[in-house]
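Enquirer: coords please:
(2 chains)
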Protein chains: 2
Amino acid sequence: MMPCAIDVHTHFVPEHLPPLPGGSLEKTWPSMAKGDSCDHRHVMVDGVVYRTVTNQCWSTQRRIDDMRASGVTHQVLSPMPELLSYWMNARDAGVLHRYLNEQMARIVADHPEQFSALAAVPLQDVDAAILELEHAATRLHLAGVEIGTNVNGIPIGAPQFRPFFAAAERLGMAVFVHAIRPAGVDRLVGSPLLQPVLAFPSEVGLAAASVITTNLMTAHAKLRLAFSHGGGSLGLLLPRLQHAWRSFDSLREQVPEAPFDQARRLFYDTLVYDRATLLYLLSRFGDHSLMIGSDYPFTIMEHDPVGRLAETAAGAATLSKLRSQNADRFLGRRPSAS
Amino acid sequence: MMPCAIDVHTHFVPEHLPPLPGGSLEKTWPSMAKGDSCDHRHVMVDGVVYRTVTNQCWSTQRRIDDMRASGVTHQVLSPMPELLSYWMNARDAGVLHRYLNEQMARIVADHPEQFSALAAVPLQDVDAAILELEHAATRLHLAGVEIGTNVNGIPIGAPQFRPFFAAAERLGMAVFVHAIRPAGVDRLVGSPLLQPVLAFPSEVGLAAASVITTNLMTAHAKLRLAFSHGGGSLGLLLPRLQHAWRSFDSLREQVPEAPFDQARRLFYDTLVYDRATLLYLLSRFGDHSLMIGSDYPFTIMEHDPVGRLAETAAGAATLSKLRSQNADRFLGRRPSAS
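Expert: Reported below is the predicted structural model:
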């Protein structure tokens, strides 16, 4: 039997999307169209192809075959982030989210050993988001929720989102933060690919910093909160934040707990594609904070997320944490047999 | 005799600023006003105190005393970045720049062993910037130029700045890139201090990435180009950029030289306040790329920039590079006796 390895960063797109709700005028409502081959489909947004995806996005059998090949024993499904639809009116977005959540819940119910899932919620309306979170927790039995780094430009550390995080803590729902519509796009020169490549990790770093500078984990100590892409640039923002926190009384008054300590209460995935970086994150955040993340099945994915861990030459106890124990804790699962 | 230690990141503000040029309507023209004590003055911009500074900004004697105390033997002066004034019309900004450059040139002429200086140029008008760069090189004998990470929102990797970098290469002028008016400010939650603390390093990382994705060092191999704040977030953007470069043919077509390799042709200062981070930058960029930087004499400065180097437990050869040899090469100075 393969040792346990939980990949917390894998994306889901359904084979079909529901029709635009009656009466809605949403131009950004997504739909699926036939691709060039039977195992590809186009995600259409506003009349153009947003992304062409493979049936790995929805076929549990293909996912299970791929997991076997890569040594991953359990995948955490989260919606392709663009489907979070924060730019729609919340009622329409909620229809899409409910559909996604039910689709993922069915996969989890059919294959509970292989899959967990993170819900989508309409965070542009915090009250509606909390209702959907409750539904996902109590009716659909999902493990947590995926949210963006910002909601229409407002970073997740902003006070207006605090009731949502309080609800996630109360419900025991894990929160996975993924880059979306990032800041700094006007600072890129070159291919449109540079937006996910460079602006995503910048955005994740700033979002993670925003929960530190607003003491989210101090106020909600039982919240289980993870950041994608290894926390993005956070690991290099943090030493400067820590120095400023030591240097300026006003910062220590606003932020009682040291940034270094707060950062070690968050979770991060290992999606950094590089041994030296993984070692740096281990020293920065601690071996209790990192969990496998691959971005499966998108083109930029890490193809050997389990093998990457071995490159760190970490001991068996640390490897066991990174492979599954930290993810079990993040997800609130009973410990995996390993 | 103290071993050589060159601090490439120290700022200069003159005790007096010239009057607004006749006929100008610039509201952002800066001036100096009396502070609360005789060794403090206020930099006034648009009628309010932009920053209160000490006479360390202009007093060579105070600087030399402080250098002796911290083990720094040579400081590279660069204007307080806000004085770069890219938001003014170029003619007015050029008047300010010429004044700053002449003031710094006088300090260097009086104390050539202790000081070098980096010019200010009006990069909002590339032709005017090249003329001022030529003046600074050939008439004022300055070692290089300080530029911002962006000019009114346009990152320095943008094609319009290419003639400026070609001129710097031709003139042998070192280019030091400092964060200014950063992207991502709308992603911060908390004190206004967070702008320099968190958005500066994000901004530097994206600016450095912009010269890599546009092959600046491939086209201008003799250019000597340094980034402040240890390259900001670049060290954590780079592994993802390298992975994407390996994964996408279109990126390799646009960027012939590997991002990891390009990054090792740049210089970075050591202003990261942290041993683990410095070790990570050494592994990422190489020990030929790092130079002491302190942000002297501003409040956020690193007070023991030379001592930080010893924390790395690097060997004598590496320490010698970090202390002075890399900076000598960056500045085009004859090697310091060490």
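Enquirer: mind listing the helices for the stretch 51-200 of chain A?
Expert: In the stretch 51-200 of chain A, the helices defined using DSSP state H, counting those that start in this stretch lie at A:60-70, A:90-110, A:126-138, A:162-171, A:194, A:200-213.
Enquirer: now the ones you listed as CSV including mean neighbour count and mean pLDDT?
Expert: In this view, the C-beta of every residue, glycine as well, is placed from N, C-alpha and C. Below are those laid out as CSV (neighbours: other Cβ atoms under 10 Å in any protein chain shown; pLDDT from 0 to 100):
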stretch, mean neighbour count, mean pLDDT
helix A:60-70, 15, 97
helix A:90-110, 19, 98
helix A:126-138, 19, 98
helix A:162-171, 18, 98
helix A:194, 23, 98
helix A:200-213, 29, 98
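Enquirer: I'd like these as JSON lines, with distance to residue A:318 appended.
Expert: Converted to JSON lines, the helices of the stretch 51-200 of chain A look like this (distance: least, Cβ to Cβ, whole Å):
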{"stretch": "helix A:60-70", "distance to residue A:318": "20"}
{"stretch": "helix A:90-110", "distance to residue A:318": "29"}
{"stretch": "helix A:126-138", "distance to residue A:318": "31"}
{"stretch": "helix A:162-171", "distance to residue A:318": "28"}
{"stretch": "helix A:194", "distance to residue A:318": "34"}
{"stretch": "helix A:200-213", "distance to residue A:318": "22"}
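Enquirer: and of the ones you listed, who's closest to chain B?
Expert: helix A:200-213 (4.0 Å; Cβ to the nearest Cβ).
Enquirer: quick one, that closest one and helix B:200-213 angle?
Expert: Relative orientation of helix A:200-213 versus helix B:200-213 (axes from the mean of the first three to the mean of the last three Cα atoms, to 10 degrees): 170 degrees.
Enquirer: now do the buried residues in the next helix-or-strand element following helix A:200-213.
Expert: Downstream of helix A:200-213, the first helix or strand assigned by DSSP states H and E is helix A:216-219. Across helix A:216-219, burial judged by 16 or more other Cβ atoms under 10 Å in any protein chain shown covers A:216-217.
Enquirer: next one: stretch A:262-277
Expert: A:262-263, A:265-277.
Enquirer: average pLDDT across that stretch?
Expert: The predicted model assigns stretch A:262-277 a mean pLDDT of 98.
Enquirer: first vs last residue of it, how far apart are they?
Expert: 20 Å (Cα to Cα, to the nearest Å).
Enquirer: which ones are touching residue A:182?
Expert: Residue A:182 sits next to A:149, A:195, A:199-200, A:202-203 when contact means Cβ atoms under 8 Å, 6 or more residues apart in numbering or on different chains.
Enquirer: pull the most distant pair out of these.
Expert: The distance between the two most remote of those (Cβ to Cβ) is 13.3 Å, for A:149 and A:195.
Enquirer: hmm, back to that, and chain B, which of the contacts of residue A:182 contact it?
Expert: Contacts with chain B within those, counted by Cβ under 8 Å from any Cβ of the partner chain: A:149, A:199-200, A:202-203.
Enquirer: so where do the strands sit in chain A?
Expert: Ranges of strands within chain A are A:6-12, A:31-34, A:40-45, A:48-54, A:74-79, A:115-119, A:144-148, A:150-151, A:154-155, A:174-178, A:225-227, A:267-269, A:290-291, based on DSSP state E.
Enquirer: so which of the ones you listed comes closest to residue B:110?
Expert: Among the strands of chain A, the nearest to residue B:110 by Cβ to Cβ is strand A:154-155 (48.2 Å).
Enquirer: before we move on, back to that, now render the strands of chain A as TSV, adding distance to chain B.
Expert: Output for the strands of chain A, formatted as TSV (distance: least, Cβ to the nearest Cβ, whole Å):
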stretch	distance to chain B
strand A:6-12	13
strand A:31-34	23
strand A:40-45	18
strand A:48-54	14
strand A:74-79	19
strand A:115-119	22
strand A:144-148	12
strand A:150-151	7
strand A:154-155	5
strand A:174-178	13
strand A:225-227	12
strand A:267-269	12
strand A:290-291	14
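Enquirer: distance from the chain centre to stretch A:75-87, please.
Expert: How far stretch A:75-87 lies from its chain's middle: 8 Å, per Cα atoms, centre = their mean, to the nearest Å.
Enquirer: now stretch A:168-181
Expert: 8 Å.
Enquirer: and if you look at stretch A:107-120?
Expert: Computed by Cα atoms, centre = their mean, the chain-centroid distance of stretch A:107-120 equals 15 Å.
Enquirer: residues touching that stretch, excluding its own?
Expert: Counting by Cβ under 8 Å, 6+ apart, A:12, A:60, A:63-64, A:67, A:73-79, A:83-85, A:96-97, A:100-101, A:104-105, A:132-133, A:136, A:140-146, A:173-174, A:176, A:331, A:333 sit against stretch A:107-120.
Enquirer: what do you get for stretch A:86-104?
Expert: So stretch A:86-104 is contacted by A:12, A:14, A:17-18, A:20-21, A:24, A:26, A:28-30, A:58, A:77, A:79, A:83-85, A:117-125, A:128, A:132, A:135-136, A:140, A:142, A:148, A:151-152, A:180-181 (Cβ under 8 Å, 6+ apart).
Enquirer: alright, that wraps it up for me.
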